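S.K.: Just need the structure, nothing else, for what follows:
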Amino acid sequence: MNENELAKIVVEVAFHVHKQLGPGLLESVYQKVMAYELRKRALHVEEEVPLPVFWEGTKLEVGFRIDLFINRKLIVELKSVEKTAPVHKKVLLTYLRLSDSRLGLLVNFGEELMKTGLHRVVNGLEL
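M.R.: The predicted structure is shown next:
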């Protein structure tokens, strides 16, 4: 399954979760429910994946964590804030670059409507 196919499933699940739980809960709640629902769909889901930085050949553990890493292809960064800021997309792009991944989804469960809380971020992915 390619990145776009995975993203379609994640978006469908995000809409379902948002509809059932509504906006404004803790990010950790959405993360657990999303992971559960994605695993039900037979996807390999990793949570809170450490993401090191390599500097001058040395691996530095600096505290970056990928919220959800789907099939080791798609990064999902979850938020539960009133509005995402431009820095949230920049952070996701950095995660994509550091992990050599091509597609990420920024999913903000704090939005009133899920359609305004979804953002695709690409790193060299053919659209």
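
S.K.: Name the surrounding residues that touch the helix-or-strand element of the chain with minimal mean pLDDT.
M.R.: Across the helices and strands of the chain, mean pLDDT, DSSP states H and E gives its lowest value to strand 58-70, namely a mean of 90. Applying Cβ atoms under 8 Å, 6 or more residues apart in numbering, the external contacts of strand 58-70 come out as 6, 10, 27, 31, 34-35, 38, 43-54, 75-78, 95, 98-99. Heads up, the C-betas are built off the backbone N, CA and C, glycines and all.

S.K.: so what does whichever helix or strand comes after it touch, helix or strand wise?
M.R.: Going down the chain from strand 58-70, the next helix or strand is strand 74-79, by DSSP states H and E. When contacts are defined as 3 or more Cβ pairs under 8 Å, 6 or more residues apart in numbering; DSSP states H and E, strand 74-79 sits against helix 3-21, helix 27-40, strand 58-70, helix 86-99, strand 103-108.

S.K.: hmm, back to that, now the buried members of the contacts of strand 58-70.
M.R.: 6, 10, 27, 31, 34-35, 38, 43, 45, 51, 75-78, 95, 98-99 (16 or more other Cβ atoms under 10 Å).
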